[in-house]
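> What would the 3D arrangement of this be:
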Amino acid sequence: MTTMRFGIHVGPQNTTVDELRRLWRFADAHDFHWFSVWDHFYARTSDQIPHFESVALLSAIACETQRIRFGCMVFAVQFRNIGLLAKSIVTIDHLSGGRLEVGLGAGWHEPEYRAFGYPFLSDRERLDQLEEGIQSLRALLEQDAVTVEGRWIQLREARVLPKPLQTRLPLWVGGAGERRTAHIAARYADGWNIPYVSPEGFRQKRTALEHWCEVEGRDPATVRLAVQVGLYMAPEDDDQAVARLRARLAEQVGPQALEQPGWLVGGPSKIIEELQAYRDSGADWINVTVRPPVDFEALQAFVDRVMPHFTGRS
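Purely as a prediction, here's the structure:
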């Protein structure tokens, strides 16, 4: 039976630094493999919801955890100069003792681009930016002097020193596309984070990755796969509590999420059943998205009653 890894993914919105600090320390102390934040100016549903910035949070996580691997899933490639991002990444990797991993994505939330003066280009152009960005970032992290004359990125004998502590700092691609995104992952990335898909959808994405790895002459086993799911779990199998969680999901994400795959809502028994379906589809890494305010009682129940079914630990 496949042993699964679990991570916590949090949107740093409608929260406090103290609550976020409690959450990453909880993850570090309770056998989670991974902790990540996302990279947004605005929440999906409103521009009025307070929102913290991801690079600064990663620096705090580096200094306040001891064991867990962590990162951003994912940085929008357009939001930062790629050289500045590389310098930030190296600094945080050193602060953490070599535990950082970094995701890059093409971006999707148009209102935040418009509000802060970033051009929101077509899907194709944003994916072109992602492909150019991941190549340039890899070069800056590993090579001595980097020159790039691209459409989106220009570097001239650019040096990033020191280098990361890790010989190869893992770079991930985030997104669900089976043509461009999967191909970029197969060609350049160490991992592909696939958000909010069903178990059947995950199996289909894995098949797409295998196809592109074959095209690129790469062993698909060298590309790690993680599934990102929303977690709305009650501490007990209680119908009234679950009904309240469904209402909360509709409020925080939108009513459409109640009918979309990748949102796990229920008590421990239901969550175990749904995670088993992902394991049966071949998934061995699950990142659960937690939205503040964090229900730490439910999260403790997840650790005590759900994770042991998949990690072999009791």
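> And the strands in the protein?
5-10, 34-37, 69-76, 100-105, 146-149, 154-158, 171-174, 191-195, 224-233, 263-266, 285-290 (DSSP state E).
> Give me the mean pLDDT for the fourth one.
Right, the one you point to is strand 100-105. Across strand 100-105, pLDDT averages out at 98.
> tilt between that strand and strand 69-76?
With axes from the mean of the first three to the mean of the last three Cα atoms, to 10 degrees as the basis, strand 100-105 and strand 69-76 are set at 20 degrees to each other.
> ok, and for stretch 275-288, which residues are buried?
Using 16 or more other Cβ atoms under 10 Å as the burial criterion, the residues of stretch 275-288 that qualify are Leu275, Tyr278, Arg279, Ser281, Ala283, Trp285, Ile286, Asn287, Val288. C-beta coordinates here come from the backbone N, C-alpha and C atoms, glycine included.
> Sketch out the low-pLDDT regions of the chain for me.
In the predicted model, the chain carries pLDDT under 70 at residues 1, 314.
> Buried ones in the top helix by length along it, by neighbour count?
Looking across the chain with DSSP state H, the single longest helix is helix 123-142. By neighbour count, and taking 16+ other Cβ under 10 Å as the criterion, the buried residues in helix 123-142 are 126-141.
> And stretch 154-163, by the same measure?
When burial is assessed from 16+ other Cβ under 10 Å, stretch 154-163 yields the following buried residues: Leu155, Ala158, Val160, Lys163.
> Would you format those as a markdown table with distance to Glu19 included?
Listed next are those as a markdown table, based on distance: Cβ to Cβ, whole Å:
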| residue | distance to Glu19 |
| --- | --- |
| Leu155 | 39 |
| Ala158 | 38 |
| Val160 | 33 |
| Lys163 | 34 |
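> which residues does the most centrally placed residue in the chain contact?
The central residue of the chain, meaning the one whose C-alpha is nearest the mean C-alpha position (Cα atoms, centre = their mean), is Met73 at 2.7 Å. Taking Cβ atoms under 8 Å, 6 or more residues apart in numbering, we find Met73 in contact with His9, Ser36, Val37, Trp38, Gly103, Trp172, Gly174, Asn193, Gln228, Asn287.
> coming back round to it: now for the longest helix of the chain, which elements pack on it?
Of the remaining helices and strands, those touching helix 123-142 by 3 or more Cβ pairs under 8 Å, 6 or more residues apart in numbering; DSSP states H and E are helix 82-96, strand 100-105, strand 146-149, strand 154-158, strand 171-174, helix 180-188.
> Just put these in JSON lines and tack on distance to Arg244.
Shown next, in JSON lines, are these (distance: least, Cβ to Cβ, whole Å):
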{"stretch": "helix 82-96", "distance to Arg244": "37"}
{"stretch": "strand 100-105", "distance to Arg244": "32"}
{"stretch": "strand 146-149", "distance to Arg244": "51"}
{"stretch": "strand 154-158", "distance to Arg244": "51"}
{"stretch": "strand 171-174", "distance to Arg244": "30"}
{"stretch": "helix 180-188", "distance to Arg244": "35"}
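> looking at those, which is closest to Arg224?
With Cβ to Cβ as the measure, strand 171-174 is the member of these nearest Arg224 (8.0 Å).
> partner strands of that closest one, parallel or antiparallel?
Sheet pairing here is set by DSSP bridges, and for strand 171-174 it gives strand 100-105 (parallel), strand 191-195 (parallel).
> Need the residues that contact that strand.
Residues contacting strand 171-174 (Cβ under 8 Å, 6+ apart): 71, 73-74, 101-105, 130, 134, 137-138, 181, 184-185, 188-193, 195, 224, 226.
> and if we set it to 7 Å?
Where contact means Cβ atoms under 7 Å, 6 or more residues apart in numbering, the residues beyond strand 171-174 that reach it are 73-74, 101-105, 134, 137-138, 181, 184-185, 189-193, 195.
> Could you pick out the buried ones from the residues you listed?
For the contacts of strand 171-174, a burial check counting by 16+ other Cβ under 10 Å picks out 73-74, 101-105, 134, 137-138, 181, 184-185, 189-193, 195.
> related to what we said a few turns ago, out of the buried residues of helix 123-142, which is nearest to Met4?
Ile134 (26.7 Å).
> Make sure that closest one is actually in contact with Gly103.
No: taking Cβ atoms under 7 Å as the definition, Ile134 is not a contact partner of Gly103, at 9.9 Å.
> Number of residues surrounding the nearest residue to Arg99 once chain neighbours are set aside?
Nearest in space to Arg99, with sequence neighbours left out and distances taken as Cβ to Cβ, 6 or more residues apart in numbering, is Arg69 at 5.0 Å. Counted with other Cβ atoms under 10 Å, residues neighbouring Arg69 total 18.
> got the contact list for Arg69?
Under the criterion of Cβ under 7 Å, 6+ apart, the neighbours of Arg69 are His33, Trp34, Arg99, Glu101.
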